[in-house]
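1. coordinates for the following, if possible.
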Amino acid sequence: MKSENTPFRGGPLDGRVLPILLGPTGHPPKWYEVPVPSPDGGPATVHAYQRVPAGYTKRLGLQRGWVYEYAPGGREHRTLKWPWSKPPRRD
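-> Below is the predicted model:
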């Protein structure tokens, strides 16, 4: 599998560059979660990072790659929205 060195911004991995496996489209995953075990043996704390563009070139505006930014609120959970589904009821 192919990997890409991707920098991290914010959170416990700030300033680190880790090799991230690329998907079939050649992009790293949209979210990267890092479980950190607790020292007292309790449940692990999960730190979430969201993939954002690293920047754009000046001349043509092409994207320069990806960076993971720390998301202190955690990962966004989205639900599927099928075209044939009814909107949720409001009572």
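2. any weak-confidence spans in the protein?
-> Scanning the chain for pLDDT under 70 picks out 91.
3. what about S3, how many residues nearby?
-> 11 (other C-beta atoms under 10 Å). C-betas here are computed from N, CA, C, even on glycine.
4. ok, now K30?
-> Count around K30 with other C-beta under 10 Å applied: 14.
5. ditto for A71
-> By the criterion of other C-beta under 10 Å, A71 has 17 neighbours.
6. what's opposite it in the beta bridge?
-> For A71, the beta-bridge partners are A48 (DSSP bridges).
7. so who does it touch?
-> Contacts for A71 (C-beta atoms under 8 Å, 6 or more residues apart in numbering) come out as A48, Y49, Q50.
8. can you redo the residues you listed as JSON lines with neighbour count?
-> Shown next, in JSON lines, are the contacts of A71 (neighbours: other C-beta atoms under 10 Å):
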{"residue": "A48", "neighbour count": "18"}
{"residue": "Y49", "neighbour count": "24"}
{"residue": "Q50", "neighbour count": "14"}
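9. closest to L13 among these?
-> Top of the list for closeness to L13, among the contacts of A71 and by C-beta to C-beta, is Y49 at 7.2 Å.
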